[in-house]
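Asks: Fold the following and give me the result.
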Amino acid sequence: MITRHNLAEQLREYQIRSKHDWTSPSFFSSSSSSQFTSRVDIAIFVIWELVIVAFLVFSGVSLYFRHVRLAFILICVTLLLLLCMKITKQIRLARKKKRRMLLPLSM
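Replies: Below you'll find the model as predicted:
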């Protein structure tokens, strides 16, 4: 006979088996918990982070050559990219959480 306790244990085991323990590849991440759903997400965020680091390096080089306006523009673009990354990460997490809430308890 299926009881509530058995269903809860099955759900717990399913969650343990299906959980991917990815280390956080993000240099700008605030926590080290697994926030990405697949390797594609990890690759996308690593590429974005490399672009951000490149913008920061280029702004430093432009400051070295005394192009203050260009450095300011590059820093603003970098901050905008960081903000966009944070927003997309929160949207993905919200979608993932919503999808999990729609799963039936018997799974």
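
Asks: Name the next helix or strand following the lowest-mean-pLDDT helix or strand in the chain along the chain.
Replies: When the helices and strands of the chain are scored by mean pLDDT, DSSP states H and E, helix 4-18 comes last with a mean of 77. Once helix 4-18 ends, the next helix or strand along the chain (criterion: DSSP states H and E) is helix 39-64.

Asks: same for that following helix, what does it pack against?
Replies: helix 68-101 (3 or more CB pairs under 8 Å, 6 or more residues apart in numbering; DSSP states H and E). Bear in mind the C-beta positions are built from the backbone N, C-alpha and C, glycine included.

Asks: Return the distance of the helix it packs on from the chain's centre.
Replies: In terms of CA atoms, centre = their mean, to the nearest Å, the centre of helix 68-101 is set 9 Å apart from its chain centre.

Asks: relative to helix 4-18, how tilted is it?
Replies: 150 degrees (axes from the mean of the first three to the mean of the last three CA atoms, to 10 degrees).
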